[in-house]
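S.K.: starting from these lines, generate the structure:
(one chain, ligands or ions: 1)
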Amino acid sequence: MVAPYTARGMLPSVQIAALLAAFAGLFLGSFLNVCIVRLPAGASIVGPRSQCPACKRTIRAFDNIPILSWLLLRGRCRDCDAAISLQYPLVEAATALLLAACILHTGLHWQTWLDAALAFFALGLAVMDAQTLLLPDAFTLGGLALALLLRAAHPAPNRLQSVIHAALAAALAALLLLCVRWLYHWLRKQEGMGLGDVKLLAMIAAFLGLPLALLTLFLAIISGALVAVAYLLRCKTSAQQKIPFGSYLSAAAMACIFVGKPILHWYLGFFR
Ligand SMILES: [Zn+2]
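M.R.: From the prediction side, this is the model:
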């Protein structure tokens, strides 16, 4: 039997959907750049239109085409020649690649909406925390709400169960990090982790479920510790320097979308 979308001479529907998702991802990435710049500063993401940070002139629509405009302008403002950060085309390209990868990974499945939404929020939060050490509620709690909404909109009959599971997973993940936070505060008498990290892990748990959220936390701690040790050895920076733990959590969550389940299966295989 031949599926209607995979007729000879046509690309399979999954690949077409991935191409369309990559195209949409370029523009979503452009919007993500606006969020990354404005949300930590407490500015509106609706208006006004984007300006050059140096000369404050409004960027023309034809200079705002994802990736292409940056390449054509060779990374400089058309008006004042000030350098435009490489971050803009990189975030646009990363969003496009992540959305396409989510579809190629899961296929045209309901889960893909959850994966793609998590990838979008996690990418934005990774960059925001690395730059500002801030994890805006609009993204952490907004992402958590979207995860529950997507599960509530699931066409399957067990969607109420799915929403309750996700809400419980979010609550337990948040409680776990809150305990770690309290313990650190009790031992060191100082704040070790922001509440933003707690909300971020709750969001990740609502999207991925509790087992993959715990794996995310584990991978974030390991990679964060490795990078911190490497920095201490090479740069002799102060041990008091703050680590953008939210960036590690976000990066680990993005990895878990694609390789989380195989890692969990491999690990659980030791106990069978
Ligand atoms: Zn300018």
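
S.K.: residues contacting the closest residue to the ion within the stretch 101-250 of the chain?
M.R.: At 20.3 Å from the ion, Gln131 is the closest residue in the stretch 101-250 of the chain, using CB to the ion. Heads up, the C-betas are built off the backbone N, CA and C, glycines and all. Gln131 makes contact with 36, 40, according to CB atoms under 8 Å, 6 or more residues apart in numbering.

S.K.: element containing it, please.
M.R.: Element membership of Gln131, judged by DSSP states H and E, is helix 110-132.

S.K.: buried residues in that helix?
M.R.: Buried residues in helix 110-132, counted by 16 or more other CB atoms under 10 Å: 112-129.

S.K.: kindly report the same for stretch 21-37.
M.R.: 21-22, 25-26, 28-37.

S.K.: just to revisit the earlier point, the helix holding Gln131: what's the following helix or strand?
M.R.: Going down the chain from helix 110-132, the next helix or strand is helix 137-152, by DSSP H and E.

S.K.: for the protein, longest helix please?
M.R.: helix 159-188 (DSSP state H).

S.K.: send the alpha carbons of the next helix-or-strand element following that helix over as CSV?
M.R.: Downstream of helix 159-188, the next assigned helix or strand under DSSP H and E is helix 195-208. C-alpha atoms of helix 195-208 as CSV (Å, rounded to 0.1, in the frame of the first residue of the first chain):
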residue,chain,number,x,y,z
LEU,A,195,13.8,31.1,41.2
GLY,A,196,14.0,31.4,37.4
ASP,A,197,15.9,28.0,37.3
VAL,A,198,13.1,26.4,39.4
LYS,A,199,10.4,27.7,37.0
LEU,A,200,12.5,26.7,34.0
LEU,A,201,12.8,23.1,35.2
ALA,A,202,9.0,23.0,35.9
MET,A,203,8.5,24.1,32.3
ILE,A,204,10.8,21.4,31.0
ALA,A,205,9.0,18.8,33.1
ALA,A,206,5.6,19.9,31.7
PHE,A,207,6.9,19.4,28.2
LEU,A,208,9.1,16.3,28.6
